[in-house]
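J.: Fold the following.
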Amino acid sequence: MDIAYSKSMVSALIRDKSAELGSIEAALSYVRACLQTSIAGSSHNGHIHNVFPRGAARGRGEQLCRCRGMIQEMEPNVSLYNASCEDFFGSAMGGDSVMLEAVVLYVIPVPGNAHFYSVPSNGVENQSNAAGGENPLQHVPSASFDITNDRKTRKRTQCGGREDDGVCAGNGFDCERNPKQWRHEGGGEIKVAVDAPLYQQLNLPHPPMSADLHTACIVTVIQHESAGTGRLKLNDLVDFYGFATDSVETAIGTDAVQMEVDEFEDFGTWHANGLPASFVMHMTCLSWQHVYSEVDRPLSPDYYGGTRAMALQALRSTLCQGDALLAEYVLLHLCARVVAHEGGTPIGDIPLRVEGDIMNPEVWSSYMRDVAPVGEVLLGATQLSDPSLRLTPRQDHNCNMLRTGILQLANGTHITLDSRAVASACAAVQDALFAAVQKQVLLLEYPYQAHELPVDLGFLALSTAHISEEISFLQLAVSVRWMPELPLDAAAPTDLVAQDVRDYLVNVRCVPRRFDSENSSAVARLSERMLSFSRSVPRWNNHDSFIHNNSFAMAAALMRAHAASYGRPFIADEDVEHVLHLESQRVARCSLDRGPWTSA
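T.: Purely as a prediction, here's the structure:
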């Protein structure tokens, strides 16, 4: 099934199908099915244009666009989209107009990622300039507009679809956001501080990897009955498909219906309407899908077996400098992901601690940035000791916005931690990191309360201290002593090898992780095997009462990641034996006399 990629032809298709199927909702479902079929194939090449980086979609308002990014914020009010069968994207309110529930999202380029957007990864070297005032793009006057102009395509309503658990519910479509918001009782215009760096004006958590990624997109998702089968949450990595406009005026139209603004409308204005207009796109979304979601039919086992060996060798010969045991653990660490939260405990992730004589977090983070599927961020002394940087998002009721923090990252992002910087940080920073590392939640700070948002982040802690000297929540169950065998200059991967490793990790991330609870014999066999191992290697069990950092829980996560690294959704006996063999080697290495250690 093919579909036209121009706005006029899609509008005509909606008009024709509305008449044929009897409703505009049915027509939108048909259009979405066409889009999904076409996007799943290869026929869309050259027809769909990307919104990011900045300027890529300029002048493409009549052509279908894709906005791949992270949901940084959701408008707290439910909106209504004025949909007309005759002119779906137009502004006129005709006799056939239908008000469809919609949600408005603030979407930003994925922090710590450049390969999504085909831009040079030069942001790391220039972050000091981007944050300190030397970037010529840095200071831009904010452009706000009167909310009465926003009545053309959508009308605000109070959160009638908001559930008590923070979910905005539509027809088969859920959007999660904390429901208890403060509103700003001020003027209609929302101003952004003009003396802040541009990335902070745009509410980006980190300076972008490229100057062209100083941008964002306000996406209006129309919640017709087939709009989606999952739920959209803050920090989700999503592909949105629709038609984009590059300015506030064209997004809302010049012939907007003027209406008297009541008091609620005045103080309920969403902050995104006051952002620098020349850097923010607008999109009307017709279809969306999560990036790197589970697939029903993974690739063949032959692919995973052969490519896994390549990725393992690449890690061993570059980042790990010949240390085969550490390469195994780094690979399993990168293959792991959070598969569920049970009783407040994350299941599936593997926080990894690497201990060495000399650790260079910048080198490790640079390598991880090349191979991480979603993104990579380094949290060291520069980030954790800067009082001007916020760690977790906080509600600013004066501007009615959720001001971002450096821990607000797309689900699937990898984070490299400098353990010394964490140990030197203040108690508030350590509390936020503990929640992220050991509970896999992001603290959203609202007046009088903090909301815990479940996340999926990978943490690698680098340390030159013995584990007994480490800060308590970084005394991780999976801690490996690094024993390099190759010179430092060997750790320089080629772009081709790094891309091959990243492609492999992408496919592993899409492998389903299942629990075979009906196979009671396998569960009993696994339990007995781990208890037997614990008795034979008594130093292995850390007896941690915090379940997420308990040796048994982490061993199960390692086995699950090992199975996924071969494309298997369930843990098999071979996964159990391989992981316990690795664990025996790791414990034996950690038991060796450390000798004198030199601080990096």
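J.: What helix or strand is Phe552 located in?
T.: Following DSSP states H and E, one finds Phe552 within helix 551-565.
J.: What mean pLDDT does that helix get?
T.: Averaging pLDDT along helix 551-565 gives 97.
J.: In contact with the spatially closest residue to Val339 that is not a sequence neighbour, which residues?
T.: Leaving aside its sequence neighbours, Val339 sits nearest to Gly348 (Cβ to Cβ, 6 or more residues apart in numbering; 3.8 Å). All C-beta spots, glycine's among them, are computed from the backbone N, C-alpha and C. Neighbouring residues of Gly348 by Cβ atoms under 8 Å, 6 or more residues apart in numbering: Ala336, Arg337, Val338, Val339, Ala340, Arg513, Ala557, Arg560, Ala561.
J.: Widest-spaced pair of these?
T.: Ala340 and Ala561 (14.4 Å; Cβ to Cβ).
J.: how about low-confidence regions in the stretch 251-400 of the chain?
T.: 251-274, 296 (pLDDT under 70).
J.: Repeat the analysis, applying 80 as the threshold.
T.: Applying pLDDT under 80 to the stretch 251-400 of the chain flags residues 251-277, 296-298, 398-400.
J.: tally of neighbours for Ala327?
T.: Counted with other Cβ atoms under 10 Å, residues neighbouring Ala327 total 21.
J.: For Arg586, the count of nearby residues, please.
T.: So Arg586, with other Cβ under 10 Å, has 19 neighbours.
J.: Now it: phi and psi?
T.: phi -60, psi -50 (degrees, to the nearest 10).
J.: same deal with the one 4 residues further on?
T.: Taking degrees, to the nearest 10, you get phi -70, psi -20 for the backbone angles of Cys590.
J.: do you know how far it is from Arg353?
T.: 11 Å (Cβ to Cβ, to the nearest Å).
J.: so the spatially most central residue of the chain, which of the three states?
T.: Residue closest to the average C-alpha location in the chain (Cα atoms, centre = their mean): Ala410, at 1.4 Å. Local secondary structure at Ala410 is given as coil here, using DSSP: H, G, I helix; E, B strand; the rest coil.
J.: isn't it right up against Val107?
T.: No. Assessed by Cβ atoms under 8 Å, Ala410 is found out of contact with Val107, at 10.6 Å.
J.: Next, count neighbours for Ser29.
T.: 17.
J.: outside of the strand or helix carrying Ala309, which residues touch it?
T.: Ala309 is part of helix 301-317 when elements are defined by DSSP H and E. If you take Cβ under 8 Å, 6+ apart as the criterion, helix 301-317 is touched by 298, 322-324, 327-328, 330-331, 486, 490, 493, 497-498, 500-501, 503-505, 507-508, 565-568.
J.: Just the buried positions in that helix, please.
T.: By 16 or more other Cβ atoms under 10 Å, the buried positions in helix 301-317 come out as Tyr304, Thr307, Arg308, Ala311, Leu312, Ala314, Leu315, Arg316, Ser317.
J.: and the gap between the first one and His562?
T.: So the one you mean is Tyr304. Separation of Tyr304 from His562 (Cβ to Cβ): 11 Å.
J.: show me the residues around Val579 that make contact.
T.: So Val579 contacts Leu332, Ala555, Leu558, Met559, His562 (Cβ under 8 Å, 6+ apart).
J.: Could you identify which of the residues you listed has the most neighbours?
T.: Leu558 (27 neighbours).
J.: Relative to the whole chain's centre, how far out is stretch 310-318?
T.: 26 Å (Cα atoms, centre = their mean, to the nearest Å).
J.: okay, now the domains of the protein?
T.: 48-290, 301-590 (automatic domain parsing).
J.: Determine which of those domains shows the lowest mean per-residue pLDDT.
T.: Taking the mean pLDDT of the domains of the chain, domain 48-290 comes last: a mean of 68.
J.: Quick one: end-to-end distance for that domain.
T.: 17 Å (Cα to Cα, to the nearest Å).
J.: Tell me the spacing between Ser388 and Leu453.
T.: From Ser388 over to Leu453 (counting by Cβ to Cβ), the distance is 23 Å.
J.: Then Met209?
T.: 24 Å.
J.: Filter the contacts of Gly348 down to the buried ones.
T.: For those, buried by 16+ other Cβ under 10 Å: Ala336, Arg337, Val338, Val339, Arg513, Ala557, Arg560, Ala561.
J.: Nearest to Phe116 among the residues you listed?
T.: Relative to Phe116, and with distances defined as Cβ to Cβ, the nearest of the buried ones among the contacts of Gly348 is Arg337, at 18.1 Å.
J.: who touches that closest one in this structure?
T.: Contacts of Arg337 by Cβ under 8 Å, 6+ apart are Gly348, Asp349, Gly412, Asp456, Gly458, Arg509, Arg513.
J.: could you measure the residue lying closest to the fifth one once chain neighbours are set aside against Gly322, distance?
T.: Counting by Cβ to Cβ, 6+ apart, His414 is the residue found nearest to Gly458 once chain neighbours are left out, at 4.4 Å. Separation of His414 from Gly322 (Cβ to Cβ): 22 Å.
J.: Now render the contacts of Gly348 as JSON lines, adding distance to Gln200.
T.: Shown next, in JSON lines, are those (distance: Cβ to Cβ, whole Å):
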{"residue": "Ala336", "distance to Gln200": "32"}
{"residue": "Arg337", "distance to Gln200": "30"}
{"residue": "Val338", "distance to Gln200": "29"}
{"residue": "Val339", "distance to Gln200": "34"}
{"residue": "Ala340", "distance to Gln200": "35"}
{"residue": "Arg513", "distance to Gln200": "37"}
{"residue": "Ala557", "distance to Gln200": "36"}
{"residue": "Arg560", "distance to Gln200": "39"}
{"residue": "Ala561", "distance to Gln200": "36"}
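J.: which among these gets closest to Val537?
T.: Ala557 (18.1 Å).
J.: Identify the residues contacting that closest one.
T.: With Cβ under 8 Å, 6+ apart, Ala557 has these contacts: Ala336, Ile347, Gly348, Asp349, Ile350.
J.: more crowded one of Cys590 and Arg353?
T.: Just comparing Cys590 and Arg353: by other Cβ under 10 Å the higher neighbour count belongs to Arg353, 22 against 16.
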